[in-house]
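Colleague: sequence? don't have it. structure:
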């Protein structure tokens with residue numbers, strides 16, 4: 001019984017250590033577009049670095065997408081993925097975006113520009129081995145929009 005309590009105490013204390021935020025090293029564009037009604041499905045391709053001494057499992061992500069100061073829609077990642085410790089990982093993450101009214105017109109106009117200011121605000125549920133934690137985030141990036149043009 002003492003061994004079990006010791007293991008739980010060590011696991012609990014190690015899960016309380018602060019994590020550094022994983023960083024998007026490179027954005028390699030979007031792929032696998034499909035549009036049904038007001039739902040846009042696509043894959044985000046890029047390289048993410050995990051500077052932490054432990055692997056991080058991302059269980060779910062919910063976010064609002066704001067482009068050039070206007071809400072474009074809501075983004076959800078339901079697929080779980082793992083960021084290995086102290087490494088960079090090439091990922092292709094499937095995204096589901098529920099678009100706001102008039103968002104298709106906004107996307108068409110964005111495709112004519114070189115880049116746009118994107119703001120992603122929401123919560124990500126991640127964790128280590130057993131323990132999960134919901135973390136709010138806000139990410140601002142200027143991203144190229146040429147990949148919005150369908151082949």
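Modeller: Done, it's in. Note that the structure is a prediction, hence the values are computed from the model and not measured.
Colleague: tell me how many other residues surround residue 67.
Modeller: Burial of residue 67 is recorded as 19 neighbouring residues (other Cβ atoms under 10 Å). For glycine as for every other residue, the C-beta is placed from the backbone atoms N, C-alpha and C.
Colleague: just checking, what packs against whatever helix or strand residue 92 lives in?
Modeller: Element membership of residue 92 [criterion: DSSP states H and E] is strand 87-99. With contacts defined as 3 or more Cβ pairs under 8 Å, 6 or more residues apart in numbering; DSSP states H and E, the packing partners of strand 87-99 are strand 23-36, strand 39-50, strand 70-77, strand 81-83.
Colleague: helix/strand/coil for the residue nearest the centre of the chain?
Modeller: Closest to where the C-alpha atoms of the chain average out (Cα atoms, centre = their mean) is residue 61, at 6.3 Å. Using DSSP: H, G, I helix; E, B strand; the rest coil, the secondary structure recorded for residue 61 is strand.
Colleague: so who does it touch?
Modeller: Each residue near residue 61 by Cβ atoms under 8 Å, 6 or more residues apart in numbering is listed here: 75-77, 122-125.
Colleague: how close does residue 65 get to residue 96?
Modeller: According to Cβ to Cβ, to the nearest Å, residue 65 and residue 96 sit 12 Å apart.
Colleague: now swap in residue 81 and tell me
Modeller: Relative to residue 96, residue 81 is positioned 15 Å away (criterion: Cβ to Cβ).
Colleague: quick one on the thing from earlier: for the residue nearest to the centre of the chain, which residues count as its bridge partners?
Modeller: Taking DSSP bridges, one obtains residue 77, residue 124 as the residues bridged to residue 61.
Colleague: again, but for the one 5 residues further on
Modeller: On DSSP bridges, the residues paired with residue 66 through beta bridges are residue 71, residue 119.
Colleague: surely it is in contact with residue 122?
Modeller: No: with the criterion set as Cβ atoms under 8 Å, residue 66 and residue 122 do not qualify as a contacting pair; they are 10.8 Å apart.
Colleague: having no further points to raise, I will conclude here.
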